[in-house]
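Participant: how would this look folded up:
(chains A, B, C and D)
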There are 2 protein chains.
Amino acid sequence: MALRHAVLAALLDGEYSGYQLAKAFDIGVANFWHALPQQLYAELTRLEGDGLIAGRKVIQENRPDKRLFSVTDAGLAELERFTEASVKPSFIRDDLLVKVQAADSVSAGPLIEQLTERAAAAEARIELFGGLLRQMRGAADEEEFLRRAERVGPYLTCLRGLAFERDTRDWCRRSAAVLRERRHTAPART
Amino acid sequence: MALRHAVLAALLDGEYSGYQLAKAFDIGVANFWHALPQQLYAELTRLEGDGLIAGRKVIQENRPDKRLFSVTDAGLAELERFTEASVKPSFIRDDLLVKVQAADSVSAGPLIEQLTERAAAAEARIELFGGLLRQMRGAADEEEFLRRAERVGPYLTCLRGLAFERDTRDWCRRSAAVLRERRHTAPART
DNA sequence: AGTAGCATGTAAACAGTTACATGATTAG
DNA sequence: CTAATCATGTAACTGTTTACATGCTACT
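Facilitator: As a prediction, the model looks like this:
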């Protein structure tokens, strides 16, 4: 039940609607968790039912009403409990890795293409995360910011996301290059 | 349905029993996927039923009989189809990241402890992956190996795992250091 | 005598994805 | 007039984790 806590952690930033959360958890800024809109709407309903978040209705003109949620004291206590519980190790789970594992038994063309695409996607996210970090730290340099800022959690998770995407990009390029070269040099097979 | 293909990709290495696969997919060498023994036994049964792998019974003395599986031609064709299909983007999903996102609203002690533990676990996996890579490439250097070796898929996925663990270790240490320092300097809160 | 390793599963609970559904406004 | 954005869900399906279950051998 970690989506629950991911939503609570996201709502520490301020009030958000399901729709706004969905954007953050989907494309773009999902640097600490990922979820689909349907999951979020369901989870928000459950969290509100359990009293861990509180929603208030905002009536808007020219666009649908929305409900903004914020974390309650009970929600904060739940986050505290969650943080104190022991962590499970995390694992990479990625189709592309499976494909590369099988690279020697499968045609190289589509794989090279997909590695190139993934490298480009990673590059885009590197730019995005770089911008977010700059925005968060403002005029201060990183050391300064991490020492004095009010909130550093989102900054730290964004740093993790940035490192991950950089690795992804470099590894994709490297792997694509290796496969491309091997296509021409035709290595010995048993 | 990616466990299916992860199992097929793993079996390209040679014949394995459910038990052996379980060890590879659990602690240790899970550098391209992760799964529990129960999942693997179930998936192996399904894969055999679909004719994508073939099992042969090996009778052993002094220990239980086992079934060794290998990929069939139909299995290879399935992997080819899988590789040609488009990839979904991958996401980090990690409790520890959620906890760090909430770091400013929860007590730092347990978090610092968990970050330190995770850094140590990452370090252990760095050693492990380093050893595996050395073993795979033997006497050759990396460039040489990647150009001429018969199989490079497992080597490439292991490189990805190594980079991931290095990042994890560095990020955990950095985050723990930041949180430790902030505990003493007591930053301004609103 | 107890722990660890070998070897294989079933059943129930939980989490995540895919498909479907609705309806208004705004920008091209 | 078409697509995108805002805004919120339900239902069915698939995949993952947790708990339970068995039994033999080797080592300390």
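
Participant: Please make it C-alpha for all contacts and neighbour counts, starting now.
Facilitator: Fine.

Participant: quick one, what contacts residue A:101?
Facilitator: B:9-10, B:32, B:152-154, B:156-157 (CA atoms under 8 Å, 6 or more residues apart in numbering or on different chains).

Participant: Please report the distance of residue A:112 from residue A:103.
Facilitator: 10 Å (CA to CA, to the nearest Å).

Participant: quick revisit: just the buried subset of the contacts of residue A:101, please.
Facilitator: Buried residues within the contacts of residue A:101, counting neighbours by 16 or more other CA atoms under 10 Å in any protein chain shown: B:9-10, B:32, B:152-154, B:156-157.

Participant: Would you pull up the residue in chain A closest to DNA strand D?
Facilitator: Going by CA to the nearest atom of the strand, DNA strand D is nearest to residue A:66 of chain A, at 3.4 Å.

Participant: List the contacts of that residue.
Facilitator: Per CA under 8 Å, 6+ apart, neighbours of residue A:66: A:17, A:57-60.

Participant: ok, now with 6 Å
Facilitator: By CA atoms under 6 Å, 6 or more residues apart in numbering or on different chains, the contact set of residue A:66 is A:57-58.

Participant: ok, it to DNA strand C distance?
Facilitator: Per CA to the nearest atom of the strand, to the nearest Å, residue A:66 is found 10 Å from DNA strand C.

Participant: one step back: between residue A:112 and residue A:103, which is the more surrounded one?
Facilitator: residue A:103 (24 against 21; other CA atoms under 10 Å in any protein chain shown).

Participant: can you tell me how far the residue nearest to that one when sequence neighbours are not counted sits from residue A:142?
Facilitator: Closest residue to residue A:103 apart from its sequence neighbours, by CA to CA, 6 or more residues apart in numbering or on different chains: residue B:153 at 5.2 Å. Per CA to CA, residue B:153 is found 38 Å from residue A:142.

Participant: again with residue A:60
Facilitator: Distance, residue A:60 to residue A:142, using CA to CA: 39 Å.

Participant: Give me the more crowded residue out of these two.
Facilitator: Between residue A:60 and residue A:142, residue A:142 has the larger neighbour count (other CA under 10 Å), namely 14 against 9.

Participant: what number of residues lie near residue A:143?
Facilitator: Neighbours of residue A:143 (other CA under 10 Å): 10.

Participant: With residue A:77 instead?
Facilitator: Each residue near residue A:77 was counted by other CA under 10 Å, and the total is 15.

Participant: Tell me how far stretch A:68-84 lies from the chain's centre.
Facilitator: 20 Å (CA atoms, centre = their mean, to the nearest Å).

Participant: does that stretch come close to chain B?
Facilitator: Yes. Among the residues of stretch A:68-84, A:80, A:83-84 lie within reach of chain B under CA under 6 Å from any CA of the partner chain.

Participant: Would you show me how to pick out the buried ones of those residues in PyMOL?
Facilitator: Listed next is the PyMOL selection for buried residues among the residues of stretch A:68-84 next to chain B, using 16+ other CA under 10 Å:
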select buried, chain A and resi 80+83+84
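
Participant: As JSON lines, the residues of stretch A:68-84 next to chain B with distance to residue B:1 and secondary structure would be great.
Facilitator: Output for the residues of stretch A:68-84 next to chain B, formatted as JSON lines (distance: CA to CA, whole Å; DSSP: H, G, I helix; E, B strand; the rest coil):
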{"residue": "A:80", "distance to residue B:1": "35", "secondary structure": "helix"}
{"residue": "A:83", "distance to residue B:1": "32", "secondary structure": "helix"}
{"residue": "A:84", "distance to residue B:1": "34", "secondary structure": "helix"}
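
Participant: and stretch A:12-26, which residues are buried?
Facilitator: If you call a residue buried by 16+ other CA under 10 Å, then stretch A:12-26 has these buried ones: A:12, A:15-19, A:21-22, A:24-26.

Participant: any residue of it up close to chain B?
Facilitator: No. Using CA under 6 Å from any CA, stretch A:12-26 stays clear of chain B, with a minimum separation of 7.2 Å.
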